[in-house]
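Engineer: Need coordinates for the below:
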Amino acid sequence: MVIATLFDFDGVLVDSEPVHHAAFNDVLAKHGITIGYQEYLDRYLSLDDAGVFRTALSRDGHTLREEEVRQCIAAKAPRFMARFEEAFRTFPGAPELVARRAARGPVGIVSGALEREIVYALEKMGVRDAVAFIVSAEKSRASKPDPAPFLLGLDELRRLDHRGGVVVVEDSTGGITSAKRAGLRCIGVAQSYPRDVLLAAGADAVVADLAALTDDVLESAV
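Structural biologist: Here you go, the predicted model:
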């Protein structure tokens, strides 16, 4: 059976969560808000940019205006890219893993990141052509832990006439919840959260890093 692989992006393929955290704080500083890194991991990691800014800006009883959210998203994008280009780093084995999985079935990216950020990184990794589709923040009506992003991923697979199995690779609790709500098998990679936390979130299996994501591990989950 041909197996499709749906990868989360930040925290799975690219080591970019610290960069996102810093860029969020760059923008929130003018609102007098700072997100600590542990707070970011605990509360914000699964959210897209809009979700992070809505949550942060509504703290302390602040009346939220959607225009503020849009302005913050627009302000964060160039700050993130400037930091990302300077500190770009993939997790060991990420390009090889994407290419290997693409040789075995369709590969998609399902992420709360902006498409420009994802495409930039895939091109830097040399695997843009190995990825059949991208579900980015702009394409989904809701962010993880809502199942909407992975349901869009399933729509993309149907357009490709994929009739085999599907496995998701995630690093966050919200991402795992999203995948499971969409009815998908999910392997957790303990690069952002400990193994027991990912299992408690519903992961079907958890590995320590990408090197442990063998084809046997991925395909036995389906």
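
Engineer: Tell me the pLDDT of Val222.
Structural biologist: Val222 carries a pLDDT value of 65.

Engineer: actually Ser46, not the one I wrote
Structural biologist: 84.

Engineer: so is it in a helix, a strand, or just coil?
Structural biologist: Under DSSP: H, G, I helix; E, B strand; the rest coil, the three-state class of Ser46 is coil.

Engineer: Identify all contacting residues around stretch 28-40.
Structural biologist: Identification of contacts with stretch 28-40 by C-beta atoms under 8 Å, 6 or more residues apart in numbering yields Glu17, Pro18, His21, Phe24, Asn25, Tyr44, Phe53, Ala56, Leu57, Arg59, Cys72. In this view, the C-beta of every residue, glycine as well, is placed from N, C-alpha and C.

Engineer: Repeat the analysis, applying 10 Å as the threshold.
Structural biologist: Stretch 28-40 has contacts (C-beta atoms under 10 Å, 6 or more residues apart in numbering) with 17-18, 20-22, 24-25, 27, 41-44, 47, 52-53, 55-57, 59-60, 62, 68, 72, 75-76.

Engineer: Return that stretch as CSV; C-alpha atoms alone will do.
Structural biologist: C-alpha atoms of stretch 28-40 as CSV (Å, rounded to 0.1, in the frame of the first residue of the first chain):
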residue,chain,number,x,y,z
LEU,A,28,4.3,42.4,20.9
ALA,A,29,6.9,44.6,22.6
LYS,A,30,5.1,47.8,21.5
HIS,A,31,1.9,46.5,23.2
GLY,A,32,3.9,46.0,26.4
ILE,A,33,3.6,42.2,26.1
THR,A,34,6.4,39.6,26.4
ILE,A,35,5.9,35.8,25.9
GLY,A,36,8.3,33.7,27.9
TYR,A,37,9.7,30.7,26.0
GLN,A,38,8.2,28.1,28.3
GLU,A,39,4.8,29.9,28.0
TYR,A,40,5.2,29.9,24.3
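
Engineer: So for that stretch, what gets flagged as buried?
Structural biologist: By neighbour count on 16 or more other C-beta atoms under 10 Å, the buried set for stretch 28-40 is Leu28, Ile33, Ile35, Tyr40.

Engineer: Now for the residues you listed: which two are most distant?
Structural biologist: Pairwise distances across the buried residues of stretch 28-40 (C-beta to C-beta) peak at 12.0 Å, for the pair Ile33 and Tyr40.

Engineer: the strands in the chain, which residues?
Structural biologist: For the chain, strands defined by DSSP state E occupy the ranges 3-7, 107-110, 133-135, 165-170, 185-189, 205-207.
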